[in-house]
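1. no FASTA, just this:
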Ligand code: HEM
Ligand SMILES: [Cu+2]
């Protein structure tokens, strides 16, 4: 059944958690805070990003509540600006960029490639501390009054005019950026040099490929935004004038530098999610991912092309139209590798034996929502339509479809998929599926009306719309949907935490999945991951053998519907 | 796939002996010293080149040539440092990829120049360059 | 026998991994300085005449002196790696000391002969720049753009000096380790990594020098 030969056979029959694993290897707080173990650092990150996710969600709740009435309900304009800024900054820099790489990537990359740890454990730990320090600074900035320039920090508003805590926030973001650079460097070195014997590049799980592509983007892009934001901070303090027209500088230059990172950054957020989907699709369709090499190379293509489209955020920023045309063209091109992936996942399911477990429902949700998000990206890449749609709720809907419908769905799917591996216990499959469906439904109710609003012309970042009270119905719909969505996001907190205590023991491979992390490691894994040195002799996604085994299907169906 | 079990241990390129110790290459002292002197020579050359009185034009040499000379020398020096001092010339393909890839990628920032270069060409009235203190538009 | 950390199979793998990690970090550093150079280049192109005038308020002789110092230090670091590969630790330390002294000298010259006078004249980006510039140099050019020049000058040389400072501290730390902790520094790879970093610092200066000090019209 297995493509993977392990020197030391793992018990398969008796699902019992190993006596000593990374969770109970040591119990002191110190052993957690000074750990070098990638799995423990992943858990630390999991707690941190969950905190930031709900903090950002709180800000979103205020935004949605405010928008239920054309005249606003509870916030004044300054506070509203601070709310959407806090929401965007927290969600992007402190949740999405870190969530999948730093939690699931950290946990899984060494396990998947057959290494005992990441290459630089101390750097890994340092990255968490730097991340937390950055987060702390940002929270202090919030407490001291917040930030009102939006997550994009456009100059000269952010540099000369805003009176809010921007400097502090920028330093926080700078640190968060460095934390992700540390993780990226670590992943690159690990993936290049620490693969187990026989783990060739084309036997790597696609998840690892997507993290490799992501790390490349991180080291090529993040420093650019880091230095740019630093210049903005200096501009505030010293009036150096580089981005401020009043002082002879050029604000559009800021936008160039910012988007040079921030478009690739959307792929930093998305690519790891795509990796997760590949794993889940293969496992719950019981088929190898269709067109492995295409999927692998499309990740690299996205990483490369993603750097050449930043100008599509600047069509109306007085960028030269000639450059706009070129950027528009390449933006269309970058949708091709994304589409390749979508087609390949669909073909993976085709003739597969699809099992609708919780992770799979999340993955299917991803497939649909990301497709809508990506296709609407094409509307925006076309200069003509973008001139109407830019700065409206259409943009808001577009990027929530990719970032929430894509990345967050993938993150949740991945979390549910590997939860048994991380903590050794199963959660309630029933509640898992309910939450996945609630999230999907709530999401669409929240964001689909925003496409319509954007089409009708409602501008983003304004909280009054009394000029067009007819927009209220869509806004109310959206707020109602967001309540459902919020409940959907809260549900996993309860049943996942409960599973830690009373969930059934998972055993090393509850899903019958392939891959070293399932076949060669226990759940939860021991501190150095594997008992012996795993050796790989065949391709990844070796699901053919089990495909038509009726008994497996029945067994899984039973397990899943229980 | 059992058909594939015949595959020999693949070669994760992580040096289980299947891989030259390229990092161990010892660069001879003479080579390092020679590189140093070349670098010094280039430094002096660049100063001299820059001091030539281009302003009036040395027999019609426009300043663009001065720029080319200065940048050319800078890239030459950078190449020596990267190749010899940093030892990229003697290192693995992977190192070369990262070293050259990084320097290549940074030039992509230059795509932005296309924007500034073509703004003036837009057929829209009233968008001509404004005061001297600001960039066009 | 060199120490192998538990995540690695053997010392070769460990060393190669360190070198890959270091290069990934250097790529990141290139992209970190890149935007500064790019922005400088863009403004230098757009405001060529003004930048030409302003750049002559820097002293190219000091720049050349500092270039020489950095080149010497770079050579010394390369020699340190060379000696470490041959396991001549005494010479390694000497070379590293030499490089550390060069780095310090560089910073001292920068600070005393370049930054201090500029600061005392008010020629650094600050809200009062305009009047200070006019008072000192007169209206020899567009002052707003002159401020841009000095902003970029301080941003790049400042970040570079920060890197030099970190480099010097790392040299001292490395020398201590080599002398006191033979169990930690078991081979030349740490020196090689520090060397790569230092050469990168040198590289930045190689571009910085002609662009700022020798600007042609
Ligand atoms: C299929 C490829 C995609 C294309 C062609 C595309 C295209 C675009 C375009 C043209 C805009 C600018 C709209 C405007 O401001 O007028 C935009 C905005 C945005 N996109 Fe996408 N997009 C794609 C995928 C993604 C993905 C995968 C993400 C995130 C995971 C994403 C996140 C965003 C965000 C956050 C914005 C708004 C930025 C802001 O102004 O605040 N996009 N997209
Ligand atoms: Cu974009």
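-> Yep, that arrived. All values derive from a computational prediction rather than experimental measurement. Residues are numbered from 1 along each chain as shown, chains lettered A, B, ... in the order given. Ligands and ions are numbered 1, 2, ... in the order given.
2. contacts, neighbours, all on C-alpha from now
-> OK.
3. the lowest-mean-pLDDT helix or strand in chain C packs against which elements?
-> Sorting the helices and strands of chain C by mean pLDDT, DSSP states H and E puts helix C:129-137 at the bottom, at a mean of 82. In terms of contacts (3 or more C-alpha pairs under 8 Å, 6 or more residues apart in numbering or on different chains; DSSP states H and E), helix C:129-137 is packed against helix C:143-180.
4. okay, the residue at the greatest distance from the centre of chain C and residue A:519: tell me how far apart.
-> Largest separation from the mean C-alpha position in chain C: residue C:9, at 35.5 Å (C-alpha atoms, centre = their mean). Distance of residue C:9 to residue A:519, computed by C-alpha to C-alpha, to the nearest Å: 21 Å.
5. likewise for residue A:389?
-> 49 Å.
6. the residue farthest from the centre of chain C belongs to a helix?
-> No - counting by DSSP: H, G, I helix; E, B strand; the rest coil, residue C:9 is not part of a helix but coil.
7. run through the residues that contact it.
-> If you count contacts by C-alpha atoms under 8 Å, 6 or more residues apart in numbering or on different chains, residue C:9 has none.
8. pLDDT score for it?
-> Looking at residue C:9, its pLDDT reads 79.
9. how many neighbouring residues does residue 132 have?
-> Using chain A. For residue A:132, the count of nearby residues is 20 (other C-alpha atoms under 10 Å in any protein chain shown).
10. that's the wrong chain, I meant chain C
-> Quick note: residue C:132 (other C-alpha under 10 Å) scores 17 neighbours.
11. contact partners for it?
-> Residue C:132 neighbours (C-alpha under 8 Å, 6+ apart): C:121-123.
12. ditto for residue A:258
-> A:152, A:224-225, A:228.
13. same question for residue A:337.
-> A:298-299, A:301-302.
14. tell me which element it falls in.
-> helix A:321-349 (DSSP states H and E).
15. what's the next helix-or-strand element following that helix packed up against?
-> Per DSSP H and E, the first helix or strand lying C-terminal to helix A:321-349 is helix A:358-381. Judged by 3+ C-alpha pairs under 8 Å, 6+ apart, helix A:358-381 is in contact with helix A:251-285, helix A:321-349, helix A:383-389, helix A:393-402, helix A:409-423, helix A:429-456.
16. could you give the angle of helix A:358-381 to helix A:409-423?
-> 150 degrees (axes from the mean of the first three to the mean of the last three C-alpha atoms, to 10 degrees).
17. could you give the angle of helix A:358-381 to helix A:251-285?
-> Going by the same axes, to 10 degrees, helix A:358-381 is angled at 150 degrees with respect to helix A:251-285.
18. go ahead and name everything in contact with helix A:358-381.
-> A:277, A:280-281, A:284, A:312, A:328-329, A:331-332, A:335, A:338, A:342, A:385-386, A:389-390, A:395, A:397-402, A:405-407, A:409-410, A:412-414, A:416-417, A:429, A:432-433, A:436-437, A:440.
19. mean confidence score for that helix?
-> 95.
20. chain center to it: distance?
-> Distance of helix A:358-381 from the chain centroid (C-alpha atoms, centre = their mean, to the nearest Å) equals 13 Å.
21. ok, stretch A:301-309 next?
-> 18 Å.
22. measure that stretch end to end?
-> End to end - C-alpha to C-alpha - stretch A:301-309 spans 13 Å.
23. the strand or helix carrying residue A:171: which residues count as buried?
-> Using DSSP H and E, residue A:171 maps to helix A:166-193. Within helix A:166-193, the residues that count as buried by 16 or more other C-alpha atoms under 10 Å in any protein chain shown are A:166-193.
24. helices or strands next to the next helix or strand after that helix in the packing?
-> Counting by DSSP H and E, the next helix or strand C-terminal to helix A:166-193 is helix A:206-238. Counting contacts by 3+ C-alpha pairs under 8 Å, 6+ apart, helix A:206-238 packs against helix A:166-193, helix A:251-285, helix A:292-305, helix C:11-46.
25. state the distance from the residue of chain C found nearest ligand 1 to residue C:21.
-> Nearest residue of chain C to ligand 1: residue C:35, at 21.0 Å (C-alpha to the nearest ligand atom). Distance, residue C:35 to residue C:21, by C-alpha to C-alpha: 22 Å.
26. tell me if residue A:116 really is in a helix.
-> No - using three-state DSSP, the assignment for residue A:116 is coil, not a helix.
27. contacts for the helix of greatest length in chain B, please.
-> Assignment by DSSP state H gives helix B:29-51 as the longest helix of chain B. Applying C-alpha under 8 Å, 6+ apart, the contact partners of helix B:29-51 are B:66, B:69-70, B:73, B:77, B:80, B:84-85, C:64, C:67-68, C:71-72, C:75, C:78-79, C:82, C:210, C:214-216.
28. much appreciated, bye for now.
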